[in-house]
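Q: Structural data only, the sequence is not supplied:
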């Protein structure tokens with residue numbers, strides 16, 4: 001049995017690789033930084049396939065599928081992604097397009113291709129890493145929030161289709177709040193509230209996936225925040241989100 005993890009070179013992806021290896025899964029590790037993947041593979045007690053790929057390129061997404069597919073694949077974790085902070089008028093368009101390709105298009109492509117294989121054999125797990133950002137609009141991180149909305153809603157729709165078909169395939173969305181990873185540096189922000197350790201988020205993700213959850217939200221505090229968010233009008237939620245994001249920028 002084997003699991004495929006994108007964005008496996010650091011953070012949540014790396015920690016999920018360790019947890020799945022502890023469960024006996026061989027791994028296909030996917031990321032741009034090949035040296036980090038090899039370093040991770042050396043510490044794991046299972047067979048690891050290393051695929052260095054830029055998932056902002058659709059052709060490379062297809063090549064990853066062709067290289068990784070097989071009857072032994074049981075799990076796909078779409079974890080690769082990044083953010084960008086700034087006023088929409090001022091943020092770099094090329095960076096945003098690369099974000100959309102990585103956060104949305106790569107998830108879409110790999111989900112569809114592997115889901116077809118899983119459906120053919122009647123079993124498999126897909127975990128798409130969204131975010132608490134997927135539940136709302138995000139001024140000053142507009143593109144990132146929109147991308148995570150896409151991942152969440154796509155996953156929910158596919159899950160219902162599979163349920164209606166009586167499929168044995170499970171699909172879930174991981175929706176963490178702030179996590180202590182390299183995300184802050186890449187997105188050029190500092191969270192105004194403390195993040196959960198990536199190891200804790202990864203454990204919650206794997207446990208939730210295997211228990212059949214559709215939406216996995218690590219941490220009691222974030223669960224409560226999202227519950228309260230449902231009671232507020234969208235306009236108020238968006239204004240609050242702006243002020244939270246503005247504090248991130250001010251904290252740099």
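A: Perfect, thanks for sending it. Computed from a predicted structure; not experimentally measured.
Q: Point out where the stretch 101-250 of the chain drops to low pLDDT.
A: Low-confidence segments of the stretch 101-250 of the chain, defined by pLDDT under 70, are located at 181-194, 223, 225, 227-232, 234-235, 237, 239-243, 245-250.
Q: And the strands in it, which stretches?
A: 124-129, 169-174, 179-180, 196-197, 215-216 (DSSP state E, counting those that start in this stretch).
Q: Dump these to JSON lines, plus mean neighbour count and distance to residue 26.
A: C-beta here means a position set from N, CA and C on the backbone, and glycine is covered the same way. Shown next, in JSON lines, are the strands of the stretch 101-250 of the chain (neighbours: other CB atoms under 10 Å; distance: least, CB to CB, whole Å):
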{"stretch": "strand 124-129", "mean neighbour count": "24", "distance to residue 26": "15"}
{"stretch": "strand 169-174", "mean neighbour count": "25", "distance to residue 26": "20"}
{"stretch": "strand 179-180", "mean neighbour count": "20", "distance to residue 26": "26"}
{"stretch": "strand 196-197", "mean neighbour count": "17", "distance to residue 26": "26"}
{"stretch": "strand 215-216", "mean neighbour count": "19", "distance to residue 26": "24"}
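Q: Any buried residues in stretch 137-155, and which?
A: Along stretch 137-155, these residues count as buried under the neighbour rule (16 or more other CB atoms under 10 Å): 137-152, 154-155.
Q: picking up where we left off before, distance to residue 163 added to the strands of the stretch 101-250 of the chain, as CSV?
A: Shown next, in CSV, are those (distance: least, CB to CB, whole Å):
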stretch, distance to residue 163
strand 124-129, 14
strand 169-174, 10
strand 179-180, 29
strand 196-197, 29
strand 215-216, 14
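Q: of all those strands, which lies closest to residue 48?
A: strand 124-129 (18.5 Å; CB to CB).
Q: Work out the sheet partners of that closest one and label each with its direction, please.
A: strand 73-78 (parallel), strand 169-174 (parallel) (DSSP bridges).
Q: For residue 97, find the nearest of the strands of the stretch 101-250 of the chain.
A: For these, distance to residue 97 was read as CB to CB. The smallest value, 20.1 Å, belongs to strand 124-129.
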